[in-house]
Each structure stands twice: as C-alpha cells, then as structure tokens.
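> Make a model of this:
(2 chains)
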Amino acid sequence: MKRRSAKSKSRPAELTTVVVLRLYVAGGAPNSRQAIANLESICAEYLRDGHRLEVVDVLEDPRRAMAEGVLVTPSLTKLSPQPVARVVGNLSDRERVLLALGLKPDVA
Amino acid sequence: MTASNSKGKPKIGSKRTLERSLAKLSTGIRGFDRLSHGGLPRHRTSLLIGGPGAGKTVFALQCLVNAAKQHRATGMLVAFEESPAQIIANTAAFDWRLPSLLAKKLFIMDAHLSPTLVRTGDFDLAGMLAMLAAKKREIDAQWIVFDGIDVLLTLLQDPVAEMRELYRLRDWLADSGLTGIVTAKSEGQSYGAAHYGFLQFMVDCVVRLDRRQEDRVSVQTVRITKYRGSGFAAAESPLSFGPSGIEVGAINPADNGHKTSTERLSAGFEQLDVMLGGGVFRGTSTLITGVPGTAKTTLAGKFIEAACRRGERALFVSFDESAEQIMRNLSSVGIQLKTHVKSGLLRIHSIRAEDISAEEHLIKIGSLISENSPQCMVIDPLTAIAKSGTLGTARTVANRLIYMIKDEQISLMVTALSEAESPEGEATDLQISTIADTWIHLSYLVRGGERNRALTIVKSRGTAHSNQVRELVLDHSGLSLSDVYTAGGEVLMGTLRWEKEAEESAKKRRQRAEFDHRRRELEFTEAGIRARIAALQTDLESQRAELALYSGQADDHTASSKRQEGELRSRRGGDPAQAPVRKSGNGAAK
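Here you go, the predicted structure:
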C-alpha cells in the first residue's frame, strides 16, 4: 500500500525535469549487458516522460572513462537533476537504483 | 597457510612465462634487496600483505619512486584505499619529491571508492583494466601497484565474484608484462577471507609486513614468505622509516660500505686522547655509558667544543635538556658553546623523547643531519629512544641511526644511561656497545664517604688504548684526568687520593732529606779518605826516593860482592847462590 502511494506521488514531480543518465559498460561483459537491460527496463517504467541515456563503452574509450572518474563497470551516473548520483553494479536491485537516483522518495 | 608454495615449485609460475628469465628489479630498499637476493621478480606480480600501518603503501610507492629515479622507468599506482592527495601528504616526510615525479614518471589513479557510492548488483574490473591498459600504453609504464585490493574485493560482497575478479586481474597482469605489486590488508595473523589464499597463490612473491605492539610502541618487521624460483632470506627483519622511506635492517657487516679513516680526532681533551692512543678515528662512533651524573654530557660537550675549535660543523641532539640549559651547564665546567652556536658552526637541537616514536626520531635526526651537514655529532642520551618504545624497536632504531650516521661519515659520540654499575653488566639495553667503535665507561667509586668519577676505556677499535682506570675531575677550568692510586688492591680517589698524594709527597720529602744527609756524610768521608790517600801518596813518594837512593848503594855493594862470590865459586866449582835474587825481590815489593 505504502509503496504504491509513494510511487504515485513521486511520478508527477519527475515529470517536470529531464533525467540525464550515463552508463559505463565494458563491451559485452555479462554484468554490463545485464546493466543495460536492467536500466532500459527501469527507464521504460519510471522515466517514460523524459530522459536521456548515454551508454559509454569503456573498452572503446578508456581515456574518457578515466577522465570522468569511472572505476569499475558497469557504473551508472545521474548527471541531472542535481545532486549527481552514482550507482555501481549490474543494477539488478531495482529498489536501490530508484532510491539512489532519487526517482523514489526514501521510505525509511 | 601456503607454506607448500613458499619453497621451490618454480614450475607453477613458469608455465605461462617460461620464455622469460627470472630477472629481478631493485626495490631501492637496500635491506630488502639483500633479503630477496636482488629485489622483486620482473614482469611478475608480488603481494605485500600486512596489517594497517605496516608500511605496504610506502613500500610499494618506494619501489615506483626508485624505479623512476634510478632507472627512469614509469609506474602506475591504483589507490583503492586512500586518495592520491592523502598518499602524497603521507609520504611528504620522505625525500622522494613525489610531486615532481607525478608529472611524467608516476601516475596515481584515484580508485578510492566513495562511501556514498551505491552498489546494486554485481560489477567487475573489466572496465578499469581497459583504462589501465590504455594508460600504460600512454605513459609506457613498467610498474603497476594495486594498493589495497582488499577494499575493492570487500565491495564485491561475494566470494565467487572475488575469485573471478582475482583471476581476471592475474590474467591481465600476466598479459600486460608489467611488474606488479598488489597490497592487501590483513588483520593480525588470521586471513579469514577466502581471497587471501588465492592472492598468495596467484603471485610469485609474497612479502609480509608486520606491525606489532610491544609494550607501548610498535615494532615493525618484514619477511618474505614465498618467492617462486628464487632463494631468499626467510628470516624476519626489522623495518623502520628513514628519510628515504622504508629501511630494512638486514645489515651485512661484510659489506657495510663504511669508508675507514686513519685520521685521528680529539675525543675532547688531551689526557683522554692520550688514553685513546691519540684520539678517535674520524667517522667512527663513540659510546659513553654511565649512571646519572657521571658527566656523560660534559664529556660529549667537550668533544663538540673540540670539533668547533677545529672549525668543523657540529650537531648536538639532546633528549634531556634544552639548548639553553646545556650551554649554561657546560659553561660551568669551562666548555663554551655559545660562541659556536652564534657563529653557526654548532646547532643544538633538543627533542622531547616521549613526544614521538622511535622511527620518527630516525626521520627527525636524519633531516637534522641533512639540514646541518655536521662533521661531528652528539646524541645525548641515545637511550632516550627506548622511552618511546619497546626495546626491540629502540634497538633497531638505534642501530639504524648509528649506521645512518656512519654512512654520512660523521664522527659520532652517543651517551647511554646505564643502570648497572659495572661495565660488564651493561651491554646497554640498546645493545649499541657492539656497534660502537669506542666505548668509554664512566662510573662512581664510593669510598671514604665520597663519590668520585672514574673513567675507563672498555674498548677502542684499532687503537692501542690505555687499560687504566682514571679519575675524571671537573672544575670550573675544565676536565682533567688524574692518576688513581691503588693501595692494597683498592683504587683511591678524591680526598683519599689527595691524602694519599700528600702522604706520599711528605714521605718523599722525608726520604729526600734523609738521602741528602747521608750523601753529605758520604761526601765528607770520601773527602777524608782522599786527604788520607794524598798524605799516604806523599809518604809513598819519599819512601820511593829513599829506596832509590838506598838501592843505588846496594847495587854497587852487590856487584862487588857478586864478583867476590863468583871468584869463590869458581874456586870451589859450585852452583851460584840464590841469596841475592831473594834480596832484590823483597826490595821491589816494598
């Protein structure tokens, strides 16, 4: 009950801004593939109204990744809206991803 | 746990690198290169394992700094635990000039994972290794350090994932051709986590760094537990931090590299130099032991004053008193240091012993030496180092300190407070008496209600030194050594000596008077005898004259009587008589 109400409350707020995301992956590594799939599913459900997602392959552009402070892959950065948030991992834990990206108010 | 891997089995490591010979790269840590017979294995990976603060990061970074400075080789450091800024700040005490290397020779990657980082699900190192490969090509790196791999592995939160990433790392390192160092934290003696077993297996060399608490101070050691395809010294060696970073106390007396000098220096004042057979050799160390109040500092002060008078630069490190106190106290016995301090020849530095650890003393004194470049130096008392730690560490540090100063060719005098009264009983807690070239022991002799200072030279290498116990006398004009009296097997000093001296000199005066008297008597007798001889001589002369006169007449008489006798004989036809011969013989005897 609580969860559903939280979701419905948060969605209108997100409508007003465009969420900019960047996902760093390492080629076709299993974790990276899973991360892309998980993120696409999250975006489809929660960010239908407006988001920009860039997928950076670290194997192709390692210098850029290094310059942008990426350490491990896969790694997701939310650039906008502020504050910048970072999530590491294959994004399998949807709840944690949503919390970290601020797409869902903290229920705790 | 991997004892079976620690010895031999070179084939395991050689399978994939068979074509590469087992070359070693110097770490720049002299003692460690000696332990490992040349350094870390080239193109292979070594593991540094140890508790917090054991010196893993410093060790690894020192290898990179040395490679950059000595061999112009570039390196990368992946810092999982600390930020690059922290690492640079932590190593600022060393003479590495890290910031200047960072531009070209050394790349530190900030892999310090933010505590606010959210982890959802599994991740891997594929991306990071791709970035490092790119960086390696860019700067042509030859070394790589993964500092604090355990931090990253813990974040994986999954033993299976940990193993998978370690395999990935191992393969990457093998393909990269880099010489690698991986550091990992261990808590105490136990390696609970599964990855430690594999970590030790995947590398070719395992070095354990330990920091133990003994009493109130930490003792640091280094030990090689595994080295594929190479021999190594398996013993635990003391480790300390010096001005150039980690120093490993694997001291080989056979090649300690100290130049020997035959130049003699004054040990302070002439009488002592005489006892030492002409002074101490330049660049050697002198140990002065003694219980409190035996004038150790005074003797050291005299040594420093003598150095300054020769125009040499000097450094006086005191753990006991402030510079002002030292100058005031020493001036009361005629040792004037103030002018030398003003002229800049002498630097007196006082340190509170309890404030810092024994290793920090090493670093501090090291930097004082490089600031002042002294030719003569005093540490008073060296035993203060033991206050800030256990005996084990203090010993290591004291040894390192003395060797460090010897390396600089500085003539050193250290004082050491001893508890025991006899020199035999005091190998001194720090066991520096074996390293010191000259050992002077000061003690009190209490007798007849007095305490007097006695000075003995216990040893002095390469010198014919005095074996005498002498009394050290301090007064406002300075120091002097007095001969001691041995009476009935006991040494007399102070008032007793003075009494004995007075007594001796009274006795001497008496003896001299007696002698003079007797001589005069004898002279008189002699004169009397001479006079008598002269008188007798005159008598003799007149006797002779008379005799000559007499024998002239006698001859005439004898000749005429001989003729008569001869005539008589010829008439009788007998032998000539003997009577005239006897007569003349009697005359000659007269």
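
> for the stretch 251-400 of chain B, what are the low-confidence residue spans?
Applying pLDDT under 70 to the stretch 251-400 of chain B flags residues B:251-260, B:353-356, B:359, B:387-393.

> got the residues of it near chain A?
Nowhere does the stretch 251-400 of chain B come near chain A, counting by CB under 8 Å from any CB of the partner chain. Any C-beta I mention is one placed from the backbone N, CA and C, and that applies to glycine too.

> What ranges does the stretch 251-400 of chain B have for its helices?
Counting by DSSP state H, counting those that start in this stretch, the stretch 251-400 of chain B has helices at residues B:270-275, B:296-309, B:323-331, B:338-343, B:358-372, B:391-407.

> Closest residue of chain B to chain A?
Nearest to chain A, among the residues of chain B, is residue B:127, at 3.0 Å (CB to the nearest CB).

> hang on, the earlier thing: take the helices of the stretch 251-400 of chain B and lay them out in TSV including distance to residue B:556.
Output for the helices of the stretch 251-400 of chain B, formatted as TSV (distance: least, CB to CB, whole Å):
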stretch	distance to residue B:556
helix B:270-275	83
helix B:296-309	95
helix B:323-331	103
helix B:338-343	104
helix B:358-372	112
helix B:391-407	105
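
> would CSV of those with mean neighbour count be doable?
Formatted as CSV, the helices of the stretch 251-400 of chain B follow (neighbours: other CB atoms under 10 Å in any protein chain shown):
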stretch, mean neighbour count
helix B:270-275, 18
helix B:296-309, 24
helix B:323-331, 16
helix B:338-343, 14
helix B:358-372, 19
helix B:391-407, 22
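
> residue ranges with poor pLDDT in chain B?
Using pLDDT under 70, chain B drops low at B:1-21, B:187-195, B:213-218, B:249-260, B:353-356, B:359, B:387-393, B:419-431, B:485-492, B:574-590.

> Point to the residue nearest the middle of it.
By CA atoms, centre = their mean, chain B has its centre lying nearest to residue B:436, at 3.2 Å.

> Give me the nearest residue to that residue, chain neighbours excluded.
residue B:287 (3.6 Å; CB to CB, 6 or more residues apart in numbering or on different chains).

> which ones are touching residue A:96?
Residues counted as contacts of residue A:96 (CB atoms under 8 Å, 6 or more residues apart in numbering or on different chains) are A:87, B:118, B:120.

> before we move on, what about residue A:88?
A:71, A:72, A:74, A:75, A:76, B:113, B:117, B:118, B:119, B:120, B:123, B:155 are the contacts of residue A:88 under CB under 8 Å, 6+ apart.

> backbone phi and psi for it, please?
phi -110, psi 140 (degrees, to the nearest 10).

> For it, list each beta-bridge partner.
Following DSSP bridges, residue A:88 is listed with bridge partners residue A:75, residue B:119.

> Tell me how far it lies from residue B:481.
The gap separating residue A:88 from residue B:481 is 76 Å, by CB to CB, to the nearest Å.

> in the stretch 151-300 of chain B, which spans are strands?
B:179-185, B:205-214, B:217-227, B:237-242, B:245-248, B:264-265, B:280-281, B:285-290 (DSSP state E, counting those that start in this stretch).

> Redo those as CSV? Include mean neighbour count.
Converted to CSV, the strands of the stretch 151-300 of chain B look like this (neighbours: other CB under 10 Å):
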stretch, mean neighbour count
strand B:179-185, 25
strand B:205-214, 18
strand B:217-227, 22
strand B:237-242, 23
strand B:245-248, 23
strand B:264-265, 20
strand B:280-281, 26
strand B:285-290, 27
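
> okay, those in CSV with distance to residue A:23 next?
As requested, the strands of the stretch 151-300 of chain B are exported to CSV (distance: least, CB to CB, whole Å):
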stretch, distance to residue A:23
strand B:179-185, 29
strand B:205-214, 38
strand B:217-227, 41
strand B:237-242, 44
strand B:245-248, 42
strand B:264-265, 73
strand B:280-281, 72
strand B:285-290, 65
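
> Can you tell me which of those is nearest to residue B:453?
Ranking those by distance to residue B:453, with CB to CB as the measure, places strand B:285-290 first at 8.3 Å.

> Name the surrounding residues that touch the longest helix seen in chain A.
Assignment by DSSP state H gives helix A:30-46 as the longest helix of chain A. Outside helix A:30-46, the residues within contact range by CB under 8 Å, 6+ apart are A:11, A:14, A:21, A:23, A:25-26, A:51, A:53, A:55, A:73-74, A:76, A:89-92, A:94, A:97-98, A:103, B:121-124, B:126-127.

> who's in contact with residue 23?
The chain I'm using is chain A. A:35, A:36, A:39, A:53, A:54, A:55, A:56, A:74, A:75, A:76, A:77.

> Hmm, no, I was thinking of chain B.
B:41, B:42, B:43.

> Would you mind splitting chain B into its domains for me?
Per automatic domain parsing, the structural domains of chain B span B:27-114+B:123-250, B:264-498.

> would you list every one of the helices in chain A?
A:2-15, A:30-46, A:62-67, A:94-101.

> Can you tell me which helix or strand of chain A has the lowest average pLDDT?
helix A:2-15 (a mean of 44; mean pLDDT, DSSP states H and E).

> Which one of the contacts of residue A:96 is nearest to residue B:170?
Of these, the one sitting nearest to residue B:170 (CB to CB) turns out to be residue B:120, at 26.9 Å.
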